[in-house]
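A.B. asks: what would the 3D arrangement of this be:
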Amino acid sequence: MTPKIALLIKQIKVERVHFAFDFMKNEAAVVKGLKIFQEYCPTRDTKAIVYILTNYDTTFEQDLYRVRRVKECGYLPDVRIYRKPTAPQILKDLQRWCNNRKLYRTCDFMDYVPRPKTDGRTIKQIYFGG
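C.D. replies: Residues are numbered from 1 along each chain as shown. I've put the predicted structure just below:
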């Protein structure tokens, strides 16, 4: 992403812009591009979404880190799980929290209660013993 490309994208009439943050090795370039786009095309977070591919050569900590980085840049993260049937439950919980905008906006992931009817414990209590 360059300022010139950001301005060209701004001229296109679209309802929502989508970006992807798939690999940790591309973090610096992705974050730089997101910041450039936000600088030249100030956009509400509902109009710019960043897909985050999880469970594909990343750890849970890296996936959560990318979600937080996207939020810092002013965009909504949209978590996509690679091979969802074999993914750990914590990634499925992250996806549900992140992609449900009401949940995402009202609580932090560590305070999220994924199964309120069965045990009522938070993510921190379930997975991190806190």
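A.B. asks: and the residue positioned nearest the centre of the chain, how far is that from E15?
C.D. replies: By Cα atoms, centre = their mean, the chain has its centre lying nearest to P77, at 2.6 Å. Relative to E15, P77 is positioned 18 Å away (Cβ to Cβ, to the nearest Å). Heads up, the C-betas are built off the backbone N, CA and C, glycines and all.
A.B. asks: quick one: secondary structure of the residue nearest to the centre of the chain?
C.D. replies: With DSSP: H, G, I helix; E, B strand; the rest coil as the basis, the three-state label of P77 is strand.
A.B. asks: quick check: bridge partners of it?
C.D. replies: Beta bridges link P77 to V50, judged by DSSP bridges.
A.B. asks: verify the stated contact: it with V70.
C.D. replies: Yes. With contacts counted by Cβ atoms under 8 Å, P77 reaches V70, the gap being 4.2 Å.
A.B. asks: got any residues that touch both of those two?
C.D. replies: Residues touching both P77 and V70 (Cβ atoms under 8 Å, 6 or more residues apart in numbering): F21, V50, I52.
A.B. asks: for this structure, where's the lowest mean pLDDT among helices and strands?
C.D. replies: Every helix and strand of the chain was ranked by mean pLDDT, DSSP states H and E. The lowest is helix 3-11, at a mean of 87.
A.B. asks: okay, now the unreliable bits of the protein?
C.D. replies: Applying pLDDT under 70 to the chain flags no residue at all.
A.B. asks: for it, just list every one of the helices.
C.D. replies: 3-11, 27-40, 60-72, 89-99, 101-106, 123-128 (DSSP state H).
A.B. asks: could those be laid out in TSV, adding mean neighbour count and distance to Y112?
C.D. replies: TSV is the format used below for the helices of the chain (neighbours: other Cβ atoms under 10 Å; distance: least, Cβ to Cβ, whole Å):
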stretch	mean neighbour count	distance to Y112
helix 3-11	12	33
helix 27-40	16	24
helix 60-72	17	12
helix 89-99	18	5
helix 101-106	12	6
helix 123-128	15	5
